[in-house]
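*Asks:* Could you look at this predicted model? Sequence included:
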Amino acid sequence: MQLFFHDVGLKGANEDFPKTVFGDISIDGIVEHSPAELKDEISQTLSAEFPTGFCNVWGVPDGAKSIIKHLNTNDVMLLIKTTGGLGDMPALCHIKGFWRVHMPVLSKFLWGSNHFPYVFFFKTQNIDLTWFQFKEDVKYMPKFRPSGNVYRVREDRLTHFDGVEGYVNRLLNKTISVTNVLDLKVQENTQSYEYEEGERHTKEVNYFRRNAKLVKEAKEHLGYVCQACGFDFEKVYGDIGKNYIECHHLNPLSERDEDLTSTINDVCMLCSNCHRMIHRIRPAMSVAEFRQIIKSNLTNIDDGWPLN
């Protein structure tokens, strides 16, 4: 088993993940648009692997040929939605079918473009993994940027997880513990707290005001959907909510030198409610931990909740 990852990017992920990563594709449709000489083999292989008649699919561009030629059945591909903020790697693809040939017609059928001709087949497994955590896990440098490419992770980077299979099992069985939340101090709305929180909020607002270019680039890169709960101001409020979101610094400004340079990897986008709540907790909580708190309370929230 080998481990690969593909930096898809927010725009491509938002457009195509719902179609073929989190949406099922019929094997009949796949076979119909596959190369003639492979139709029978693809039909037999996929039908045996996916008896329901449906599977998930992803494809990579021709530029990834030098890496994708190493991909085999039973390997794993992780898909990156965004590397901004903490980053989001929501999908684990355990490959069950892959043919090292161009399939531009199938690519056109699946994604409306023939630019993703190297196509592989799997059943998506949802994981809770951030780009920030993944870099730590595989011992990449903090400033490493995948820049839209496909990579193969060297086996020796995962020896501390007992290899690729051990790491994959960890991802599939991983849950973020929130028991330590009980040990965190949630501030009460006393007059002194409001003053302290006001100072803290003002410090962050002033920082972003001085770094307007950072905020603009972060919003363009990360979008306008809350990275904690999935709230979309425009969907709820229409035009008056368009292009509105709040920028949150991942490193508490009250605990750092404000003169240090920040990049879009140091910030994330939060709705007003999540932004206020995450500031109530001492010490500061990561967005991943905060998101898990929301998930753990979903039983008390309508099914229409926008968490995604």
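*Replies:* Sure, I can see it.
*Asks:* which one's the longest strand in the chain?
*Replies:* The longest strand of the chain (DSSP state E) is strand 54-60.
*Asks:* Remind me what it packs against, helices and strands.
*Replies:* Secondary-structure packing of strand 54-60 (3 or more CB pairs under 8 Å, 6 or more residues apart in numbering; DSSP states H and E): strand 25-26, helix 27-32, helix 104-111, strand 118-122. C-beta here means a position set from N, CA and C on the backbone, and glycine is covered the same way.
*Asks:* Would you mind saying which of these lies nearest residue 45?
*Replies:* When the helices and strands packed on strand 54-60 are compared by CB to CB, strand 118-122 sits nearest residue 45, at 8.3 Å.
*Asks:* The helix or strand following that closest one: how far from the chain's middle?
*Replies:* Next along the chain after strand 118-122, taking DSSP states H and E as the criterion, comes strand 124-126. Taking CA atoms, centre = their mean, to the nearest Å, the mean C-alpha location of strand 124-126 is offset from the chain mean by 12 Å.
*Asks:* Just name whatever secondary elements strand 124-126 is in contact with.
*Replies:* Partner elements for strand 124-126 (3+ CB pairs under 8 Å, 6+ apart): strand 91-94.
*Asks:* what ranges do the helices span in the stretch 51-200 of the chain?
*Replies:* With DSSP state H, counting those that start in this stretch as the criterion, the stretch 51-200 of the chain has helices at 65-68, 104-111, 131-137, 163-173, 191-210.
*Asks:* Report the buried residues of the next helix-or-strand element following the last one.
*Replies:* Heading C-terminal from helix 191-210, the first helix or strand you meet, by DSSP H and E, is helix 212-222. Applying a neighbour-count criterion of 16 or more other CB atoms under 10 Å, the buried positions in helix 212-222 are 214, 215, 218, 219, 221, 222.
*Asks:* what packs against helix 212-222?
*Replies:* On a contact count with 3+ CB pairs under 8 Å, 6+ apart, helix 212-222 meets strand 246-249, strand 267-270.
*Asks:* Not counting its own residues, what contacts it?
*Replies:* 10, 82, 84-85, 208, 243, 245, 247, 262-264, 267-269 (CB atoms under 8 Å, 6 or more residues apart in numbering).
*Asks:* ok, the nearest residue to residue 2 once chain neighbours are set aside - contacts?
*Replies:* Distances taken as CB to CB, 6 or more residues apart in numbering place residue 75 nearest to residue 2, at 4.5 Å, with adjacent residues excluded. Neighbouring residues of residue 75 by CB under 8 Å, 6+ apart: 1, 2, 3, 4, 95.
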